[in-house]
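1. Need coordinates for the following:
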Amino acid sequence: MDLRDKLRQFEKDLAPRQPNTVRSSHLDVDVCVEGKVVENAKGTCFQTSSLFSATHQHGRIPFNLLHDSDPSIFPLVARDEALTGVDLRDAVFVDTETTGLAGGAGTVPFMIGMGYFEGDDFRVDQIFMRDFHEEPAALDVVADRLARAKALVSYNGKAYDLPLLASRFTLARMPNPASKLPHLDLLFAVRRIWRKRLADCSLSTVEEGVLDFRREDDVPGWAIPGLYFDYLRSRNGCAIAPVFKHNKWDIVTLAALAGLMGRVYASPFDHLTHPFDLMGLGRAMAHLGRLDAAARCYRLALNGSLPAEEKEEALQFYGLVLKRMGDWDRAVKVWDHMIQSVSQKIHPCEELAKYYEHQIRRHDLAIEVVRFALDWIDRMEQLRPTLVFTAKRKDLAYRLARLERKMGKVRRSRDV
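-> Alright, predicted model coming up:
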């Protein structure tokens with residue numbers, strides 16, 4: 001081969017390659033995954049569907065929990081009034097598998113899982129791109145399903161899946177039917193209740209710790225992008241089959257978790273027993289203004305076995321809830337108990353001082369409590385020089401001076 005022939009071969013090797021549509025039409029993903037090739041105006045892609053009956057149980061959670069849930073609960077779960085009046089049986093449960101975990105314009109959702117109810121049954125559709133040129137066709141299938149939905153349910157979808165899909169719709173010059181749908185992101189609801197008890201709030205951890213469902217032979221999320229690129233190189237459909245299974249589990253877990261969350265908020269004491277879970281729900285209920293339920297959550301948590309630090313936290317929030325309820329008798333008992341039993345004395349002393357000063361006008365008792373707190377600070381700083389309470393000391397000293405001035409005025413008025 002002379003130099004001219006070598007240059008021609010070199011130019012041929014550098015020439016841009018077009019998508020191999022002939023090879024794409026003979027992909028073998030259907031050998032290991034039961035599905036079909038979908039053709040629409042945008043091209044072709046691969047789709048598989050699975051159907052779960054209403055009697056299906058995911059771990060310890062039956063699907064019919066969601067059927068029986070009150071739709072008015074979910075605006076409270078999501079802290080989003082946009083979900084008011086929305087029945088989650090009309091929602092689409094969304095989860096994507098992508099070419100990268102960091103997101104960004106270069107990240108492509110090569111598999112988009114969508115779960116939705118058909119009567120009492122739950123169907124999971126998984127749309128798969130056998131090559132990058134199939135993205136418009138895949139997005140078209142997804143858009144058709146989303147256009148019929150009344151809401152979205154995801155797990156961390158607000159931060160990841162839905163912004164990613166929005167960018168892909170934009171790049172494909174297609175309208176995004178999800179842009180105006182109300183969205184329940186279950187990650188935030190899960191963190192509020194279970195983050196104290198669980199090692200982390202990943203979906204697989206929540207499955208095991210909350211739903212009692214354990215995956216077998218699951219592929220870890222970090223390995224999924226590599227499996228897809230291996231598939232693109234080898235065209236071995238069996239190599240990508242575990243990703244279909246992983247994605248399907250994610251979608252089914254979303255439906256089971258949504259049903260459980262609805263029940264937890266509607267009747268928490270029938271579904272939560274662990275003290276850590278009750279503490280988490282107590283804070284959530286207090287945020288929603290459901291103070292009776294919040295107080296009961298903390299009371300039940302305190303009746304359980306709590307480590308010292310968590311018990312102190314539970315007592316602190318229990319007292320604050322009782323204060324907001326105006327239940328002063330029980331609140332004072334909680335603060336008195338904290339002064340006797342917990343390591344941190346400042347908070348209960350401050351609350352008792354406020355109560356004595358503003359509720360029953362016993363400035364002498366308020367002064368006594370503030371002086372006790374200042375003496376406690378002195379002892380702690382002597383015992384442990386690394387502890388510094390400068391700000392708290394200043395606040396308490398200011399409160400003490402104000403109370404002593406008030407006491408002086410009261411005495412002078414009595415003398416007159």
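2. Next up, the contacts around the closest residue to Leu211 other than its chain neighbours.
-> Of all residues not flanking Leu211 in the chain, Gly59 sits nearest, at 3.8 Å (Cβ to Cβ, 6 or more residues apart in numbering). Any C-beta I mention is one placed from the backbone N, CA and C, and that applies to glycine too. Counting by Cβ atoms under 8 Å, 6 or more residues apart in numbering, Gly59 touches Glu207, Leu211, Asp212, Phe213, Arg214, Ala256.
3. Next, Asp200: secondary structure please.
-> Secondary structure state of Asp200, per DSSP: H, G, I helix; E, B strand; the rest coil, is coil.
4. ugh, typo on my part, it should be Leu152
-> strand.
5. who does it bridge with?
-> Val92, His183 (DSSP bridges).
6. Run a quick neighbour tally on it.
-> Neighbours of Leu152 under the rule other Cβ atoms under 10 Å: 22.
7. Would you confirm that it contacts Leu88?
-> No: between Leu152 and Leu88 there is no contact, the gap being 10.0 Å when judged by Cβ atoms under 8 Å.
8. So for those two, which residues contact both of them?
-> Leu184.
9. Could you give the number of residues near Phe389?
-> So Phe389, with other Cβ under 10 Å, has 17 neighbours.
10. Local confidence estimate at the closest residue to Val31 other than its chain neighbours?
-> Nearest non-adjacent residue to Val31, counting by Cβ to Cβ, 6+ apart: Gly237, 5.1 Å away. Looking at Gly237, its pLDDT stands at 91.
11. Quick one: residues contacting Ile112.
-> Neighbours of Ile112 in contact, by Cβ under 8 Å, 6+ apart: Val94, Thr96, Gln126, Ile127, Ala138, Val142, Leu165.
12. Within the sheet, what are the partner strands of the helix or strand encompassing it, with directions?
-> Using DSSP states H and E, Ile112 falls within strand 109-118. Here strand 109-118 has these sheet partners by DSSP bridges: strand 91-98 (antiparallel), strand 121-128 (antiparallel).
13. Please compute how far that strand lies from its chain's middle.
-> From the chain centre to the centre of strand 109-118 is a distance of 19 Å (Cα atoms, centre = their mean, to the nearest Å).
14. domain ranges for this structure?
-> 3-266, 269-415 (automatic domain parsing).
15. before we move on, back to that, buried ones from the contacts of Gly59, can you make that a ChimeraX selection?
-> Here is the ChimeraX command that selects the buried residues among the contacts of Gly59 (16 or more other Cβ atoms under 10 Å):
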select :207,211,213,256
